[in-house]
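[1] Give the three-dimensional model of this entry:
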Amino acid sequence: MHRTGGRSGMRPEEIGEDTDGLLARLDATARRAETPCGEGSMVWRLWDGMADGAGIGAGSAAAGPDGGDRDARPAVLDPVLGPVLVLLHGGSGSWRHWARNIGPLLAAGNRLLVPDLPGLGESAMPPGEVDPANVAAVLAEGIDRLLGADARYDLAGFSFGAVCAGHVAAIRPGRLRSVTIVGAGSLGLERSVTHLVKVRSEHGAAREAAHRHNLAALMIADPARIDPLALRIQELNTVQARLRSRGFASTARLRQALERSDAPLNAIWGEQDAIARNDLPARLRVVREIQPGADVRVIPGAGHWVAYEAAEAFNAMLSDMLRRRRAAR
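    Numbers count the residues shown, from 1 in each chain. Modelled structure (predicted):
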């Protein structure tokens, strides 16, 4: 059994078959918080070097989604103690989409706030219709509760999380040091066609084969990089996913939100992103049209889940983007 050391990044060669143990150890280094979401709560994980293994509530003693009591202590990341980076995962995902980024980004000096988006992971469904604006309203309120209503922060979102990030930026003017969209759709361009297979009725080896097919079709460009951890994350995320977001990828919802935002804009794509590879130059052009000073970069050879497949390059790139934005403000 291979184990990662402390809070270092998870390299493929360090990932053995103990994927549940690896994820559990990473989870144990976080503090946990909950904020209101629809008829239940949105679950957040906070990485700031102060984890004590205890769950913490967010200024409320209301019951959590399982009916149990929540600790009423405020779960606050004080931005005065260090810059806060909020990470929003992709559609049908959870906080685990960032499994290979949390350690390196924390080591780079960020304090991390990572939710399960509404209707995904452990979080309750959002109120009202399924819409990025509704999800963003819940997110923005949750961030305000956890950081304070005047706190400034950086925000990065992957895929559907990028759409949500753009909407948060639009409704919180002056609050974001930067917004970084990763593998983004919803820019008014058609997404490339991907053919996924259903896994719900599959079991055992057939289920793993279905996950492997879907990861190769949509998420990871090089099939050799689909390792046991990626497969386990895909399984856990799929089982918990209730909110469906794929229909937003071909809309212009993100573009429209970013046009209303005053946040400095960064963008990262994998060169072989399955939803963007047929028109990647057009996507880069759209981002620069939205904000001529946008920092737009591409990681060669990587697919849609670029933060996982090319984690080392992604972590260095995002860290450099954040340093530049923070130095300029």
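
[2] quick one: low-confidence parts of this protein?
    1-17, 50-76, 245-250 (pLDDT under 70).

[3] where along it do the helices fall?
    19-28, 102-107, 132-147, 160-171, 204-214, 228-240, 253-259, 280-290, 306-309, 311-328 (DSSP state H).

[4] and the shortest one, how far from the chain's centre?
    What that stands for is helix 306-309. 11 Å (Cα atoms, centre = their mean, to the nearest Å).

[5] same for that helix, what does it pack against?
    Contacts defined by 3 or more Cβ pairs under 8 Å, 6 or more residues apart in numbering; DSSP states H and E place helix 306-309 against strand 265-270, helix 311-328. Quick note: C-beta positions are derived from backbone N, CA and C, even for glycine.

[6] Of these, which is nearest Gly40?
    helix 311-328 (31.0 Å; Cβ to Cβ).

[7] Between the helices and strands packed on helix 306-309, which one is closest to Asp116.
    Per Cβ to Cβ, nearest to Asp116 of the helices and strands packed on helix 306-309: helix 311-328, 20.3 Å.

[8] Show residues contacting the closest one.
    For helix 311-328, the external contacting residues (Cβ atoms under 8 Å, 6 or more residues apart in numbering) are 9-11, 83, 85, 100-101, 104-105, 108, 110, 154, 156, 177-178, 180, 264, 266, 268, 295, 297, 299, 302, 306-307.

[9] residues of that helix that come out buried?
    Within helix 311-328, the residues that count as buried by 16 or more other Cβ atoms under 10 Å are 311, 313-315, 317-319, 321-322, 325.

[10] Out of the residues you listed, which comes closest to Val163?
    Nearest to Val163 among the buried residues of helix 311-328, with distances taken as Cβ to Cβ, is Leu318, at 18.2 Å.

[11] For Gly183, see how far away the closest one is.
    13 Å (Cβ to Cβ, to the nearest Å).

[12] joint contacts of these two?
    Ile268.

[13] Return the closest of the buried residues of helix 311-328 with respect to Val135.
    Among those, and counting by Cβ to Cβ, the member closest to Val135 is Leu318, at 22.2 Å.

[14] so how far is Ile268 from the closest one?
    7 Å.

[15] Name the residues contacting each of those two.
    Taking Cβ under 8 Å, 6+ apart as the criterion, Leu318 and Ile268 both touch Thr180.

[16] where exactly do the strands run in the stretch 1-150 of the chain?
    For the stretch 1-150 of the chain, applying DSSP state E, counting those that start in this stretch gives strands covering 31-37, 40-47, 84-88, 111-115.

[17] Give me the contact list for the last one.
    Right, the one you point to is strand 111-115. By Cβ under 8 Å, 6+ apart, strand 111-115 touches 30, 42-48, 77, 79, 81-89, 95, 98, 102, 105-106, 123, 139, 142-143, 146-147, 153.

[18] before we move on, back to that, could you provide the helices of the chain in CSV, with additional columns for distance to Gln272?
    Converted to CSV, the helices of the chain look like this (distance: least, Cβ to Cβ, whole Å):
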stretch, distance to Gln272
helix 19-28, 25
helix 102-107, 22
helix 132-147, 26
helix 160-171, 18
helix 204-214, 16
helix 228-240, 16
helix 253-259, 21
helix 280-290, 9
helix 306-309, 9
helix 311-328, 13
